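J.: missing the sequence, but the structure's below:
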């Protein structure tokens with residue numbers, strides 16, 4: 001039983017992959033024309049489709065919107081009952097219908113034509129009413145659905161999803177849309193936290209900041225280590241510039257050597273220590289700590305003055321990493 005189920009699954013993927021390759025091989029200037037219509041759009045890109053085409057359309061709209069092309073999905077049935085007012089004269093509409101004969105779309109097409117709103121058709125039927133009314137046709141046709149009855153949209157659904165991704169990625173790359181812009185569309189996720197937060201947003205300040213004067217003793221540094229629990233202490237000069245750091249490891253090595261706690265901190269500390277600029281992106285700080293094989297570092301301003309401290313736990317709490 002398990003063997004036959006595995007074989008059915010593999011056969012499904014084989015069929016869908018074959019159809020996807022066929023679509024890739026027949027891509028032509030229609031894709032460029034569709035991209036140009038979307039790039040020239042001064043309003044928003046409106047995606048619409050019925051049934052499973054609509055479900056895929058929602059994903060395409062979301063992908064476009066998050067990669068630099070303002071887009072949203074409108075259900076065609078809802079459009080016929082008031083939501084058509086969401087579509088403006090500066091918009092471009094992408095209609096998805098494999099047959100190209102969805103009744104709801106056919107009713108909307110004349111209304112769009114009256115307002116000179118261009119339509120991009122994503123269809124498997126180049127001779128359909130939708131295709132004939134469109135400014136541009138993207139062919140997602142398949143020779144065979146993976147469904148053994150040829151009824152459930154499988155290969156055609158994959159092709160539709162892929163052409164949507166192809167448009168979104170082509171537009172993103174042409175616009176030079178970068179990771180920071182992507183993060184601004186995803187501020188609640190880990191990528192947004194990594195790219196939008198800077199070190200000074202997540203660092204420790206004030207009483208949480210482990211710091212001693214360079215004239216202090218090893219004992220003072222040990223007490224500061226214990227008080228803050230950060231694993232390091234910044235050793236600063238009279239101008240608050242970081243002269244070095246003293247870590248838990250430095251303390252252990254000092255004691256193993258048989259040195260006294262009342263001795264000055266200077267010979268016991270690490271010079272100059274690894275310092276994080278306060279304007280660095282939090283993601284860059286995380287990578288730097290990993291590369292240096294350390295868990296924490298003082299944070300300094302452009303003049304090297306101590307302004308904070310940061311460890312891996314602080315970054316993880318902020319959703320970074």
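T.: Good, I have the coordinates. Only a predicted model underlies this, so the values are computations on that prediction, with no experimental measurement involved.

J.: residue 289 against residue 295, yeah?
T.: Yes - look at residue 289 against residue 295 with CB atoms under 8 Å: they come within range, at 6.7 Å. No exception for glycine: its C-beta is placed from N, CA and C like everyone else's.

J.: quick one: the strands in the stretch 201-321 of the chain?
T.: Using DSSP state E, counting those that start in this stretch, the strands found in the stretch 201-321 of the chain span residues 211-213, 232-236, 242-247, 276-277, 296-300, 306-311.

J.: avg pLDDT for stretch 60-69?
T.: Average pLDDT, stretch 60-69: 92.

J.: mind listing what's buried in stretch 49-65?
T.: Of the residues in stretch 49-65, 49-50, 52-54, 56-57, 59-65 count as buried by neighbour count, 16 or more other CB atoms under 10 Å.

J.: what about the helices in the protein?
T.: 2-26, 29-39, 51-66, 76-79, 103-114, 129-133, 155-175, 179-184, 190-196, 199-202, 218-228, 248-256, 282-292, 312-317 (DSSP state H).

J.: export these to JSON lines and tack on distance to residue 123?
T.: Shown next, in JSON lines, are those (distance: least, CB to CB, whole Å):
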{"stretch": "helix 2-26", "distance to residue 123": "12"}
{"stretch": "helix 29-39", "distance to residue 123": "11"}
{"stretch": "helix 51-66", "distance to residue 123": "9"}
{"stretch": "helix 76-79", "distance to residue 123": "14"}
{"stretch": "helix 103-114", "distance to residue 123": "10"}
{"stretch": "helix 129-133", "distance to residue 123": "6"}
{"stretch": "helix 155-175", "distance to residue 123": "9"}
{"stretch": "helix 179-184", "distance to residue 123": "30"}
{"stretch": "helix 190-196", "distance to residue 123": "34"}
{"stretch": "helix 199-202", "distance to residue 123": "48"}
{"stretch": "helix 218-228", "distance to residue 123": "64"}
{"stretch": "helix 248-256", "distance to residue 123": "66"}
{"stretch": "helix 282-292", "distance to residue 123": "42"}
{"stretch": "helix 312-317", "distance to residue 123": "48"}
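
J.: lowest-confidence stretch among those helices?
T.: Minimum mean pLDDT among the helices of the chain: helix 190-196, a mean of 57.

J.: quick one: residue 198 from residue 281, how far?
T.: 6 Å (CB to CB, to the nearest Å).

J.: my bad, residue 226
T.: 32 Å.

J.: ok, the two, which is more surrounded?
T.: Between residue 226 and residue 281, residue 281 has the larger neighbour count (other CB atoms under 10 Å), namely 18 against 9.

J.: returning to what we had before: who has more neighbours, residue 289 and residue 295?
T.: The residue with more neighbours, out of residue 289 and residue 295, is residue 289; 20 against 16, by other CB under 10 Å.

J.: now that one. Nearest residue, chain neighbours left out?
T.: residue 312 (6.0 Å; CB to CB, 6 or more residues apart in numbering).

J.: contact partners for the closest residue to residue 105 other than its chain neighbours?
T.: With CB to CB, 6+ apart as the criterion, residue 105 has its nearest non-adjacent residue at 5.1 Å, and that residue is residue 95. With contact set as CB atoms under 8 Å, 6 or more residues apart in numbering, residue 95 has these partners: 48, 49, 105, 108, 109, 119, 120, 121, 122, 123, 130, 134.
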